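S.K.: Turn this into a structure:
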Amino acid sequence: MTSSDQSPSHDVFVYGSFQEPAVVNLILECSPVMVSAQLHGYHVYRLKGRLHACISPSENGLINGKILTGLTDSQLENLDMIEGSEYVRKTVEVVLTDTSEKKQVETYIWANKDDPNLYGEWDFEEWKRLHMEKFIEASTKFMEWKKNPDGRSREEFEKFVFDDPPAAA
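M.R.: I've put the predicted structure just below:
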């Protein structure tokens, strides 16, 4: 097979729950190579009532994260689906931690930079202790839904990523 017969691969910078191999393996249905990197000019925020992080531009911001390398179109689609419309996938420049090499990758940025629910700084170790188990459970349900939606909407599964699910209207 020649290189022109293959789909291009994707490299995606992750900064929150997708740094956890158990989450990535579940969502991507494989174990991609993960490379440590930094993203300058962004801040990783907590989201009030949510189990996951988000990033938004910040002049002096610096985020330590991982690059998921060599993802297929299908794996990128899985990330797009789980991130949903609240995130925008954008190409950014990161710096590899080990070599200081600069690299163009994609990442997910919170679409509403003025969201009043953004606050503080998201902490990966705290998330692992307090929320990882629930997040993996929610991700498992999401992937089951993706394989067999059975008439259910994506919104039914969004409630699983809330720390305290919102009350029904």
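S.K.: average pLDDT across stretch 13-22?
M.R.: Averaging pLDDT along stretch 13-22 gives 96.
S.K.: Keeping just the C-alphas, turn it into CSV.
M.R.: Output of stretch 13-22 as CSV, limited to C-alpha atoms (Å, rounded to 0.1, in the frame of the first residue of the first chain):
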residue,chain,number,x,y,z
PHE,A,13,-3.0,17.7,22.3
VAL,A,14,-5.0,16.7,25.4
TYR,A,15,-4.9,18.4,28.7
GLY,A,16,-7.7,17.0,30.9
SER,A,17,-9.3,13.6,31.4
PHE,A,18,-7.8,12.4,28.1
GLN,A,19,-4.4,12.4,29.7
GLU,A,20,-5.6,9.3,31.5
PRO,A,21,-4.7,6.1,29.5
ALA,A,22,-7.8,4.2,30.8
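S.K.: tell me which residues in that stretch are buried?
M.R.: F13, V14, Y15, G16, S17, F18, Q19, E20 (16 or more other CB atoms under 10 Å). To be clear about C-beta, it is placed using only N, CA and C from the backbone, and glycine gets the same treatment.
S.K.: now stretch 81-92
M.R.: I82, E83, Y87, V92.
S.K.: Show me where the protein has its strands.
M.R.: In the chain, the strands defined using DSSP state E lie at 10-14, 34-47, 54-71, 87-96, 102-110, 118-119.
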